[in-house]
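A.B. asks: Requesting a structural model of the entry that follows:
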Amino acid sequence: MPSSEAADRIIDLYQRQASDWIEKRAQSRLFERAWLDRFRALLPPAGPVLDLGCGSAMPIAGYLIGLGHPVVGVDSAPAMIAECRRRFPQQEWSVGDMRQLALGRRFCGILAWDSFFHLSCEDQRRMFPIFREHAAPDAALMFTSGPAHGEAIFGGEPLYHASLDASEYRSLLGRNGFRVVSHVADDRDCGGHTIWLAQRIETLGSVA
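C.D. replies: Coordinates of the predicted model:
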């Protein structure tokens, strides 16, 4: 299957396999905890978080909610959002495409964990101004990528992943008003994830 076609099928794939994904994720441990705690260390107490590609809200959004952070979750799969609303009805959940996000609000933290890397390389480049527009001064931004530039398709049913190289991510973050706080490729303590943690630069006058 061509990579462009596989990329276009991501939303449909998660919608159709939502029940299986929710069940499997509910049974897994929170291996992201250490990184979520680093992310939280950059937030004020009870700072609101925007979770892009929030899935079923478990375990990541649930962890943050349990620690007092209001969460606004966005996911393209209606079945995932229905599960979020069932689990956490007092939070705000919306069916939507992160590539078209325009909430007109800013958040203390933005997450795109295991979601951002399903976008094509060009769509990933277009996301950085969207991150910027939704980030309050000093906001934390954390997302997962691949370890190097390229595209890959995994699984019995094609599951598309893409990544830019590290130098381009650093450039895009800098041009959009973020400084890199931490970056680890293939973190063995976090399931082999490649993680970026950045923070919005409060003074943006010189940022293009």
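A.B. asks: Chain neighbours aside, what residue packs nearest to Arg59?
C.D. replies: Check again: residue 59 is Pro, not Arg. Closest residue to Pro59 apart from its sequence neighbours, by CB to CB, 6 or more residues apart in numbering: Leu30 at 4.7 Å. Yep, even glycine has a C-beta here, placed from its N, CA and C like the rest.
A.B. asks: Pull out the buried residues from the top helix by length along the chain.
C.D. replies: In the chain, assigned by DSSP state H, the helix with the most residues is helix 121-133. Across helix 121-133, burial judged by 16 or more other CB atoms under 10 Å covers Cys121, Gln124, Met127, Phe128, Ile130, Phe131, Arg132.
A.B. asks: surely the fifth one meets Met98?
C.D. replies: Yes: checked against CB atoms under 8 Å, the pair Ile130 and Met98 is within contact range at 7.1 Å.
A.B. asks: Now do the strands in the chain.
C.D. replies: In the chain, the segments counted as strands under DSSP state E are 49-52, 71-75, 92-95, 107-112, 135-145, 150-154, 159-163, 178-187, 193-200.
A.B. asks: Columns distance to Leu42 and mean pLDDT on top of those, output as a markdown table?
C.D. replies: A markdown table is the format used below for the strands of the chain (distance: least, CB to CB, whole Å; pLDDT from 0 to 100):
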| stretch | distance to Leu42 | mean pLDDT |
| --- | --- | --- |
| strand 49-52 | 11 | 98 |
| strand 71-75 | 16 | 97 |
| strand 92-95 | 22 | 97 |
| strand 107-112 | 7 | 98 |
| strand 135-145 | 4 | 96 |
| strand 150-154 | 30 | 52 |
| strand 159-163 | 24 | 71 |
| strand 178-187 | 7 | 95 |
| strand 193-200 | 6 | 96 |
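A.B. asks: how about the ones you listed, which one is nearest Ala82?
C.D. replies: Nearest to Ala82 among the strands of the chain is strand 92-95; the distance by CB to CB comes to 8.6 Å.
A.B. asks: can you tell me how far Ile195 sits from Leu111?
C.D. replies: Distance of Ile195 to Leu111, computed by CB to CB, to the nearest Å: 11 Å.
A.B. asks: quick one: common contacting residues for those two?
C.D. replies: Taking CB atoms under 8 Å, 6 or more residues apart in numbering as the contact criterion, the common neighbours of Ile195 and Leu111 are Met142, Phe143.
A.B. asks: Counting neighbours, go ahead and name the busier of those two.
C.D. replies: Neighbours were counted for Ile195 and for Leu111 using other CB atoms under 10 Å; Leu111 has more, 28 against 21.
A.B. asks: With adjacent residues omitted, what lies nearest to that one?
C.D. replies: In space, Leu111 is closest to Asp51, 4.8 Å off (CB to CB, 6+ apart).
A.B. asks: Could you measure from that neighbour over to Glu168?
C.D. replies: In terms of CB to CB, Asp51 sits 24 Å off from Glu168.
A.B. asks: Over to Gly109?
C.D. replies: 23 Å.
A.B. asks: of these two, who's got more company?
C.D. replies: Gly109 (25 against 14).
A.B. asks: Mind listing the residues bridging to the residue nearest to that one when sequence neighbours are not counted?
C.D. replies: In this structure, Gly109 finds its nearest non-sequential neighbour in Val49, 4.1 Å apart by CB to CB, 6+ apart. Note on Val49: beta-bridge partners Val71, Gly109, judged by DSSP bridges.
A.B. asks: Okay then, goodbye and thanks.
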